[in-house]
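# Structure of the sequence below:
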Amino acid sequence: MQTAYENEIKERVIEVVKRNSMFNAENVSESSNIRRDHGIDSIKMVELVVDLEDEFDIEVDSCSLSFENFSTVELIIRYVIGKAGNGGEA
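Modelled structure (predicted):
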């Protein structure tokens with residue numbers, strides 16, 4: 001069961017993904033694959049990460065930055081919850 005805090009992060013992550021989506025932005029969901037479903041390539045991924053860092057006041061570790069870790073909206077939400085829950089130090 002998600003807490004109100006987790007739900008808020010989820011909604012904010014979805015909005016960031018929508019802003020960076022190359023297509024199909026109105027259908028962003030937790031299960032969305034950001035590359036296949038929304039056209040986020042490596043260039044847009046950089047923009048997405050910068051937007052996430054600004055939105056949540058976190059720093060994404062370069063070693064964590066890969067399509068495997070950021071391939072779906074759900075994985076991004078989990079990452080942000082971990083970072084934001086530790087004051088950005090996950």
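
# For the spatially most central residue of the chain, report the pLDDT, please.
Note on the chain: the residue nearest the mean C-alpha position is residue 76, at 3.7 Å, using C-alpha atoms, centre = their mean. Per-residue pLDDT puts residue 76 at 97.

# mind listing what it touches?
13, 17, 34, 52, 70 (C-beta atoms under 8 Å, 6 or more residues apart in numbering). In this view, the C-beta of every residue, glycine as well, is placed from N, C-alpha and C.

# repeat that with 10 Å
Residue 76 makes contact with 9-10, 13-14, 16-17, 30, 32, 34, 48-49, 52, 60, 69-70 under the criterion C-beta atoms under 10 Å, 6 or more residues apart in numbering.

# which among those end up buried?
Buried members of these, counted by 16 or more other C-beta atoms under 10 Å: 9-10, 13-14, 16-17, 32, 34, 48-49, 52, 60, 70.

# any idea which of those is closest to residue 25?
residue 17 (8.0 Å; C-beta to C-beta).
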